[in-house]
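Got a predicted structure here, sequence first:
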Amino acid sequence: VLRLLLRQSLPRRGEIFLGIALTVVGMCVFNLGLTYGLSKLGASAGSLIPAAFMQTPGADDSPLYMYEMGLVLGLAFAWVLGYGATVAEPALNALGVTAETLTNGFIRKRSLIRAVSIGVACGIAVGVAKLVFGLPLVWLVVPPYLFAVLLTIFSTEEFVNVAWDSAGVTTGPITVPLVLAMGLGLGNATNAVEGFGILCMASVGPVISVMLLGHWARFQLWRQTKAAAEQPAKQLMGMGEAG
């Protein structure tokens, strides 16, 4: 575009080509780690989670625990895995910085990351439970999205924008390979007919959690404003009694 249309030379050519080269090398290294690290970890974890509560081929002494206890541990592990993968997502950190800057610190980066991570983790745990129990997907999808729409109606614009945008974190380069590999391994181990729903639930989870965070922040702001308004009145009453 510069050479053919604008008839201009490329400014700082050395820096630009160095940046492109480093980007290509970085993406190659990241792809290697993704293929031989995260995907393998997710598939291995997904195939071994059912050994905690059911008989699994290739896992000695399975089930390792009683059914109820093993099921709780398996869902807890899926929750922790989803939380950790979301915290490590680069896009979420960038979203947190942007949200804190645009709202002048009203939405703090740490609070946003924590809320999104909790929402994704809860959604993944529900999706794993759907695989284990074979629950109909419509039962799990329709109520949360209706609740998200209801929260949208009563939420402020800044939290609505950030909440629905945070759902895109579940399509990041860390969360998706890890979660899908875990779901594939879990589905094969439990002989699930289909494994749809894990990422769908992981997408609606942060929408709900961020808007709930917004309502909590508004409630806290209302309490602070009310306390600040009542303070002068109490001081005036104290001065009147002293007089």
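Received, thanks.

what's the offset of the helix ranked longest in the chain from the middle of its chain?
Ranked by number of residues, the top helix in the chain under DSSP state H is helix 198-242. In terms of C-alpha atoms, centre = their mean, to the nearest Å, the gap separating the centre of helix 198-242 from the centre of its chain is 24 Å.

now that helix: mean pLDDT?
Averaged over helix 198-242, pLDDT sits at 78.

And for stretch 93-105?
Rounded mean pLDDT across stretch 93-105 is 80.

Dump that stretch to PDB, restricted to CA.
C-alpha atoms of stretch 93-105 as PDB (Å, rounded to 0.1, in the frame of the first residue of the first chain):
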ATOM      1  CA  ASN A  93      -5.200  -9.000  30.900                       C
ATOM      2  CA  ALA A  94      -5.500  -6.600  28.000                       C
ATOM      3  CA  LEU A  95      -9.300  -6.300  28.600                       C
ATOM      4  CA  GLY A  96      -8.700  -5.600  32.300                       C
ATOM      5  CA  VAL A  97      -6.200  -2.800  31.500                       C
ATOM      6  CA  THR A  98      -8.600  -1.200  29.000                       C
ATOM      7  CA  ALA A  99     -11.600  -1.400  31.200                       C
ATOM      8  CA  GLU A 100      -9.800   0.100  34.200                       C
ATOM      9  CA  THR A 101      -8.500   3.000  32.000                       C
ATOM     10  CA  LEU A 102     -11.900   3.700  30.300                       C
ATOM     11  CA  THR A 103     -13.800   3.700  33.600                       C
ATOM     12  CA  ASN A 104     -11.200   5.700  35.500                       C
ATOM     13  CA  GLY A 105     -10.500   2.900  37.900                       C
END
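
Give me the neighbour count for the closest residue to residue 198 other than its chain neighbours.
Excluding the flanking residues, the one nearest residue 198 by C-beta to C-beta, 6 or more residues apart in numbering is residue 127, at 3.3 Å. C-beta here means a position set from N, CA and C on the backbone, and glycine is covered the same way. Counted by other C-beta atoms under 10 Å, the residues lying close to residue 127 total 28.

what comes up buried for the host helix or strand of residue 127?
Assigned by DSSP states H and E, residue 127 belongs to helix 109-133. Within helix 109-133, the residues that qualify as buried are 109, 111-132, counting by 16 or more other C-beta atoms under 10 Å.

hang on, the earlier thing: what pLDDT does the residue nearest to residue 198 get?
At residue 127, pLDDT is 86.

pretty sure it contacts residue 192?
No. Counting by C-beta atoms under 8 Å, residue 127 does not reach residue 192; the two are 11.3 Å apart.

before we move on, back to that, please save the CA atoms from the helix or strand that comes right after the helix holding residue 127 in CSV.
Remark: after helix 109-133, the chain's next helix or strand is helix 137-154, criterion DSSP H and E. Written as CSV, here are the backbone C-alpha positions of helix 137-154 (Å, rounded to 0.1, in the frame of the first residue of the first chain):
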residue,chain,number,x,y,z
LEU,A,137,-28.1,-28.9,26.4
VAL,A,138,-31.1,-26.7,26.1
TRP,A,139,-31.7,-27.0,29.9
LEU,A,140,-28.3,-25.6,30.5
VAL,A,141,-28.1,-22.9,27.8
VAL,A,142,-31.5,-21.2,27.8
PRO,A,143,-31.8,-20.3,31.6
PRO,A,144,-28.3,-18.7,31.9
TYR,A,145,-28.7,-16.6,28.7
LEU,A,146,-32.2,-15.4,29.8
PHE,A,147,-30.7,-14.5,33.2
ALA,A,148,-27.8,-12.7,31.3
VAL,A,149,-30.4,-10.7,29.3
LEU,A,150,-32.3,-9.8,32.5
LEU,A,151,-29.0,-8.6,34.1
THR,A,152,-28.3,-6.6,30.9
ILE,A,153,-31.6,-4.7,31.2
PHE,A,154,-30.8,-3.5,34.8
